[in-house]
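Chemist: Below are the sequence and a predicted model; questions follow.
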Amino acid sequence: MKPLRLLPVIATFAGLSFNLPAMAAETFVAVAANFTAAGKDIAAAFEKQTGDTAILSFGSTGQLHAQILNGAPFEVFVAADAKHPAALERDGHIGAQTRFTYAVGKLTLWSPKSGVVDTEGAVLSNGALGKFAVANPKTAPTARRPWKRSRTSD
C-alpha cells in the first residue's frame, strides 16, 4: 500500500472531522501487444467503474517478462502465453496461484467473401483457394499448437 493512501484511513481512525479528497489509485499493467485493443477497452471500463487508472505498457510477452525480472513495477501481467507467467510464479516473482487463463485462441478458417469457406473446410483441398495467411508459430502463441486444447493455465 502506498503511504499516501493511508492518510484517509489514519484520519478516519483518529476521529478527525474534515473531509480529505479521494485519491485515485494507479495500477501498472504489462499487456501483451496482441491484446492492445482489448486491454485499452478493459482499462477504460475499469477506470469508469472504479475511478482508478490502469497504466498500460505494451510489448511482447518475452520483453515484458524480462522487464518484470529486472524490477519493473507491474501489478498485473496480461501475457500471450502460459509459459512466462508460470516461470515468474515458479521463481517467486508473482504470488503463488494467482495465474489464470483469460482467453484461449482458436484456429479459424475465414474469408471476407461470402460462400468461399464451407463448414467442412473443403476450400483447403479443392484447388479454389488462392492465397491465405497463417500466423508465424514463433511469434503467435495461439498458432504454436492449435490442435492441442489446454484445460489448465499451464
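Modeler: Received it, and whenever you're ready, just let me know what you need. Small disclaimer: the values here were computed from a predicted structure and weren't measured.
Chemist: got the end-to-end distance for stretch 92-107?
Modeler: Start-to-end span of stretch 92-107 (C-alpha to C-alpha, to the nearest Å) is 33 Å.
Chemist: Buried ones in that stretch, by neighbour count?
Modeler: Across stretch 92-107, burial judged by 16 or more other C-beta atoms under 10 Å covers I94, R99. The way it works is simple: take the backbone N, C-alpha and C, and place the C-beta from them, glycine included.
Chemist: what does the biggest helix by length in the chain rub up against?
Modeler: Counting by DSSP state H, the longest helix found in the chain is helix 36-50. With contacts defined as C-beta atoms under 8 Å, 6 or more residues apart in numbering, helix 36-50 is touched by T27, V29, V31, D52, T53, A54, L56, F58, V78.
Chemist: Now the buried members of those.
Modeler: The neighbour-count criterion (16+ other C-beta under 10 Å) marks T27, V29, V31, A54, L56, F58, V78 among the contacts of helix 36-50 as buried.
Chemist: Identify the farthest-apart pair in those.
Modeler: T27 and F58 (15.1 Å; C-beta to C-beta).
Chemist: Give me the helix or strand of the protein that scores worst on average pLDDT.
Modeler: Least confident helix or strand, the chain: helix 3-13 with a mean of 34, by mean pLDDT, DSSP states H and E.
Chemist: Downstream of that helix, the next helix or strand is which one?
Modeler: strand 26-32 (DSSP states H and E).
Chemist: now that following strand against helix 36-50, angle please.
Modeler: Following axes from the mean of the first three to the mean of the last three C-alpha atoms, to 10 degrees, one obtains 160 degrees for the angle between strand 26-32 and helix 36-50.
Chemist: ok, L64 - how many residues close by?
Modeler: 24 (other C-beta atoms under 10 Å).
Chemist: which ones are touching it?
Modeler: A30, V31, A32, S57, A72, F74, F77, A79, H84.
Chemist: Adding pLDDT and distance to N126, write the residues you listed out as TSV.
Modeler: As requested, the contacts of L64 are exported to TSV (pLDDT from 0 to 100; distance: C-beta to C-beta, whole Å):
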residue	pLDDT	distance to N126
A30	96	44
V31	96	40
A32	94	36
S57	97	46
A72	95	50
F74	95	48
F77	95	44
A79	94	39
H84	94	40
